[in-house]
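Engineer: coords please:
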Amino acid sequence: MTRTLALAALLMAVGAAAGAAPARIDNPAQPSGGVTTATVTERWRAGGEDDEVFFGNVGAVKLDPEGNILLLDSQLSEVHVFSPEGDLLRTICGEGDGPGE
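Structural biologist: Below is the predicted model of the structure:
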């Protein structure tokens, strides 16, 4: 009996929703807040076809007091240290040779 009542209530709810007018969304040609244009200038780049540095998953990027860039690669378990000019200074850490290292 309760299943029949629940089914009847569900069918009435679906029928009422099906008869409702469709929602209308107006998308004007121009955004209401105006158009903002950003100019991007490349200041620094690391990596490329012949570069010795390979990034897996960049987890964080920080600056040290000397202005060097420390890049955490959470996939490869490495921290790369770059000069402010973009030269690779050293790589800290890394995966070990054994399982789980």
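Engineer: name the next helix or strand downstream of whichever strand or helix holds residue 60, please.
Structural biologist: Using DSSP states H and E, residue 60 falls within strand 58-63. Downstream of strand 58-63, the first helix or strand assigned by DSSP H and E is strand 69-73.
Engineer: please spell out which residues along that next one are buried.
Structural biologist: Applying a neighbour-count criterion of 16 or more other CB atoms under 10 Å, the buried positions in strand 69-73 are 69, 71-73. Heads up, the C-betas are built off the backbone N, CA and C, glycines and all.
Engineer: strand partners (parallel or antiparallel) of that strand?
Structural biologist: According to DSSP bridges, strand 69-73 forms sheet pairs with strand 58-63 (antiparallel), strand 78-82 (antiparallel).
Engineer: picking that back up, and the buried residues of strand 69-73, which two are furthest apart?
Structural biologist: Using CB to CB, these span at most 12.7 Å, a distance reached by 69 and 73.
Engineer: is it correct that residue 12 falls within a helix?
Structural biologist: Yes - residue state for residue 12 (DSSP: H, G, I helix; E, B strand; the rest coil) corresponds to a helix.
Engineer: pull the contacting residues for it.
Structural biologist: If you count contacts by CB atoms under 8 Å, 6 or more residues apart in numbering, residue 12 has none.
Engineer: switch the buried residues of strand 69-73 over to CSV; also include distance to residue 86 and pLDDT.
Structural biologist: Listed next are the buried residues of strand 69-73 as CSV, based on distance: CB to CB, whole Å; pLDDT from 0 to 100:
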residue, distance to residue 86, pLDDT
69, 8, 92
71, 11, 91
72, 17, 91
73, 16, 89
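Engineer: which of the residues you listed lies closest to residue 36?
Structural biologist: residue 69 (28.2 Å).
Engineer: can you tell me how far that closest one is from residue 57?
Structural biologist: 17 Å (CB to CB, to the nearest Å).
Engineer: can you check residue 89 too?
Structural biologist: 21 Å.
Engineer: what's the answer for residue 92, then?
Structural biologist: Residue 92 is 17 Å from residue 57, by CB to CB.
Engineer: and what of residue 36?
Structural biologist: 30 Å.
Engineer: which one of the two has more residues nearby?
Structural biologist: Applying other CB atoms under 10 Å to residue 36 and residue 57 shows that residue 57 carries more neighbours, namely 9 against 6.
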